[in-house]
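Have a look at this prediction, sequence included:
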Amino acid sequence: MNDEGRPRRRRIRRGAVAGATAAVLALLCCSGGTAAFFLTELGGESAEVMTPMSLTCEEDHTVDVQGDMPRLSWYGERQLRNAAVIIKVGQDMKVPPRGWVIAIATAIQESGLRNLANSTVRQSQNLPNEGVGADHDSLGLFQQRASWGSVTQRMDPAYAARKFYEKLLAVPGWQDMPLTLAAQKVQVSAFPDAYAKHEDVAGQIVDALAGGAARTVQIGRRSVCDAAADGKIAASGYTAPIPGGVGSGFRTASRPRHNGVDIAAEKGTPIRAAATGRVLVARCDPDSSGNHSCDVDGYPGKGGCGWFVDILHAGRVITRYCHMVRQPRVTPGQRVAAGEVIGEVGSSGNSSGPHLHFEVHGDADRSSRGAIDPVPFMAQRGAPLGPEE
């Protein structure tokens, strides 16, 4: 992790795991994947899945509103320039990067990052706009009502962003709230859960425009890059599920069906939700003989994930947490916040020692086909698994 003495500009470093940790983890044996799972309890949240971008993490990267916009497949130049204005206003106001992500996600939901006017404004006033909104007198990127300012003010992206941030900063504890709750405190929307599905894309936009800033964590009055551990939440909305280095990795030559990574920890170590989401499954996975024997330590070859939890996040991402010591603290359908404790490390199921088997799946696919390598995924969200080189 980064410390006080590191320079302000920092870069992701992946790779070497401390020797002692690797030696311990090399002895662990856990479920080789999820090929045997036939689970279909997926919900209806939908969002386009984006490929994470490889970026440095530069806290002092000032957004150039007038400069060239990056080429991103899901939004055009005009929309990204609006996003740049939102971020730049946040930078000028000294709002932590988490606020930028919340603001971008809110504007995606409210306007698709377009400066929308209603039909009356388009007919009666000669104001620049990028489409027609449909909600009464709501205007601009955040579809703000008349109480937020004049028509001209609300149609100014910089003014609209500033008003959003002013209201956000007035919400006690906003940085520790799930994105959808923080956004709702500002917007008071008729659809309060709608913002959540844009969180992952908003983080990627912030990263693309602000040098990886969605990976920063606010600790006191300073921002630290890639320090989302022990429950600290990165601006992207992600945190490491437990501290510790990765030993047995994703689909290695010796374990090609290992669809996650293993992180050694003492039995009883709290396991935290990697991001805000909805619990899909929280139960005992039967062993290879079909027995639900998760309340005792497992052994190599036993089969099964033991006590485990699956959580669905924004962007149709699913995370899985296996080998818990006892029944999880959460239940299917429950909403959990990033960093919320969902269970404790154990050795149930196909395991030879206490550890967390952690998986990430894309496109809401809980089978082995949807599994992706958790190490680069989490690193690109400011919540790296294991120590830096």
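Yes, it's here.

can we go C-alpha only for contacts and neighbour counts from here?
Fine.

Low-confidence regions, this protein specifically.
Scanning the chain for pLDDT under 70 picks out 1-60, 119-136, 387-389.

Do you have the strands of it handy? List them.
Counting by DSSP state E, the chain has strands at residues 9-10, 57-58, 216-219, 222-225, 261-264, 270-272, 277-285, 306-313, 317-324, 335-336, 341-344, 355-361, 371-372.

With adjacent residues omitted, what lies nearest to residue 301?
Among residues not flanking residue 301 along the chain, residue 350 sits closest, at 5.9 Å (CA to CA, 6 or more residues apart in numbering).

how far does stretch 312-331 stretch from start to finish?
13 Å (CA to CA, to the nearest Å).

Begin at 14 from now on, thanks
In the new numbering, first residue 14, that becomes stretch 325-344.

Run the chain-centre distance for stretch 250-268.
Its chain's C-alpha centre and that of stretch 250-268 lie 17 Å apart, by CA atoms, centre = their mean, to the nearest Å.

Going by neighbour count, list what's buried in stretch 336-354.
336-341, 343-344, 346, 349-354 (16 or more other CA atoms under 10 Å).

Which residue ranges make up each domain of this structure?
Here the domain assignment for the chain is 27-50+255-392, 75-223, based on automatic domain parsing.

Deepest-packed of those, please.
domain 27-50+255-392 (a mean of 22; mean count of other CA atoms under 10 Å).

how about TSV for the strands of the chain, with distance to residue 306 added?
Formatted as TSV, the strands of the chain follow (distance: least, CA to CA, whole Å):
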stretch	distance to residue 306
strand 22-23	46
strand 70-71	45
strand 229-232	40
strand 235-238	41
strand 274-277	21
strand 283-285	21
strand 290-298	8
strand 319-326	8
strand 330-337	12
strand 348-349	26
strand 354-357	17
strand 368-374	18
strand 384-385	26
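
So which of those is nearest residue 211?
Across the strands of the chain, the minimum distance to residue 211, taken as CA to CA, is reached by strand 319-326, at 10.1 Å.

Now do the helices in the stretch 114-263 of the chain.
132-137, 164-167, 170-182, 192-200, 212-222 (DSSP state H, counting those that start in this stretch).

Could you save the ones you listed as TSV and add columns showing distance to residue 126?
What follows is those, written out as TSV (distance: least, CA to CA, whole Å):
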stretch	distance to residue 126
helix 132-137	18
helix 164-167	14
helix 170-182	10
helix 192-200	15
helix 212-222	11
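
Which one, of these, ends up nearest to residue 110?
Residue 110 lies closest to helix 212-222 among the helices of the stretch 114-263 of the chain, at 8.2 Å (CA to CA).
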